[in-house]
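K.L.:
Got a sequence here, can you build the structure:
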Amino acid sequence: MSALILHHYWQSPFAHKIRLALGLIGASWTSVEIPRIPPKPFLIPLTAGYRRTPVLQHGADVFCDTQNIARAIGELTDDYRLIPRSKSGQILTFTDWIDGTVFNLAVRVILTSAMDKAPPEFIRDRAGLYFGSKWTADGLKDQLSGVILQLGAHLKSIDRGLSGSGGFATRALSYADISIACIAWFIRGRWEHGPIFLKQFPNIERIEREVHEQTIECYDNLTGEAALAIAHDSLSRSSKGAQSRIGCSVHEGMRVSIKPQAETSDPSVIGQLRYLDDVRVSIDHNAPEVGHVVVHLPIAGYQIQPCE
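P.N.:
You can find the predicted model right below:
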C-alpha cells in the first residue's frame, strides 16, 4: 500500500486533477472514497473541519487544497516534474487563475445548466460553496449566456498561448497542462454542449488528450476507518515555526481559524498554529479518531485569524 492516501470521489474535477498529477509522474497511491456531500464522517476528524475534495494524507500529515497538494506531491516524492523549481512561479500563478476564475465560470455554467436535472440537495450544497448564500436559480439562469461568453474568452486566451507541441510552461507536460486538461475534462463530461463548445479550442483539446494518454493510474483501495487508524498510529514529519510577518498578529502556538477568502458555506478549520511560511500554514489538530495530526493549507486564498 502506498503512503500517499487520497481521500476523494471519482466525479470530483479537483480530485481528477490530483489523480492525473500522480499518474503523470507514475506515483502509486491509495484511494479512500468519500461521499460527494456531507456528512463525511471519515474525513472531517482528519481535517479539522475542511470538507472539500480532495485531501492528501501522508501518515499524520494532512494536505488540503489542490494547489497545496500538488506542491506536497513534489516534496513527499522528491519528484518535481509537475512543478519544476525553475518554473514554479509561472506554473502556480497560472494554475491559481485556472482554479479560481476559469473553474468558477465553468462550474457556474454546469450547475446552472443542470439546475432542473441534478438532485436538489447536490445543487444546494455546491451552490452554497461556490455562490455564497444569496444565489437564486432565476438569477443564475438570467446570467448564463454572459457567463458562457466569459468562459469562452478565457479559454481562447489559453488556447492561443499554446503551440502545436509541448506544454504550457515547459516542453514536457507539467501541472499547468494538467490544470488545462482537467477544466476541459470537466466541461466535456458535465455540460451537454461541452464537446461542441471545446472544438473551438484545438490546442486545449490536444493538451487534454496528451495528459490523459501519458498518465498511469496505480492505486490500491482503503477504507476510511483504516485511513483514520493510520493517522492515529503515525507521527507528523512536518516542521515547526512561524516566520514573523510585518503587521501579522498570529504566532506559533496561537489558536487560529482558517477559512476560504471568498463568500462560501465552508466551515472554518480551527487548530493551534504550528508552522507558517510564505505559502503554507499548518495547524496541530487533535481528535479521538485520529489522535494528533497536522493539517496543512495554503495561505493564498484563505483568511487566517486568531480565534477569540
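K.L.:
If you count contacts, what does the helix or strand residue 207 falls within end up packed against?
P.N.:
Secondary structure assignment for residue 207, by DSSP states H and E: helix 202-214. With contacts defined as 3 or more Cβ pairs under 8 Å, 6 or more residues apart in numbering; DSSP states H and E, helix 202-214 has these neighbours: helix 13-24, helix 144-161, helix 175-190, helix 194-198. Quick note: C-beta positions are derived from backbone N, CA and C, even for glycine.
K.L.:
who wins for proximity to residue 96 among those?
P.N.:
Nearest to residue 96, of all those, is helix 175-190, at 9.3 Å by Cβ to Cβ.
K.L.:
export that closest one as PDB, just CAs?
P.N.:
C-alpha atoms of helix 175-190 as PDB (Å, rounded to 0.1, in the frame of the first residue of the first chain):
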ATOM      1  CA  TYR A 175       0.900  20.700 -13.600                       C
ATOM      2  CA  ALA A 176      -0.100  23.700 -15.700                       C
ATOM      3  CA  ASP A 177      -1.100  21.300 -18.500                       C
ATOM      4  CA  ILE A 178      -2.900  19.100 -16.000                       C
ATOM      5  CA  SER A 179      -5.000  22.100 -15.000                       C
ATOM      6  CA  ILE A 180      -5.900  22.800 -18.600                       C
ATOM      7  CA  ALA A 181      -6.800  19.100 -19.300                       C
ATOM      8  CA  CYS A 182      -8.900  19.000 -16.100                       C
ATOM      9  CA  ILE A 183     -11.000  22.000 -17.000                       C
ATOM     10  CA  ALA A 184     -11.600  20.600 -20.400                       C
ATOM     11  CA  TRP A 185     -12.500  17.200 -18.900                       C
ATOM     12  CA  PHE A 186     -14.900  18.800 -16.600                       C
ATOM     13  CA  ILE A 187     -16.700  20.800 -19.300                       C
ATOM     14  CA  ARG A 188     -16.800  17.900 -21.700                       C
ATOM     15  CA  GLY A 189     -18.200  15.500 -19.200                       C
ATOM     16  CA  ARG A 190     -20.700  17.600 -17.300                       C
END
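K.L.:
buried residues in the next helix or strand after the helix holding residue 207?
P.N.:
Toward the C-terminal end, the helix or strand that comes next after helix 202-214 (DSSP H and E) is strand 219-221. Buried residues in strand 219-221, counted by 16 or more other Cβ atoms under 10 Å: residue 219.
K.L.:
Could I get the average pLDDT for strand 219-221?
P.N.:
Model confidence over strand 219-221, given as mean pLDDT, is 97.
K.L.:
Touching that strand from outside, list them.
P.N.:
Contacts to strand 219-221, defined as Cβ atoms under 8 Å, 6 or more residues apart in numbering, come from residues 1, 2, 6, 28, 29, 30, 31, 32, 33.
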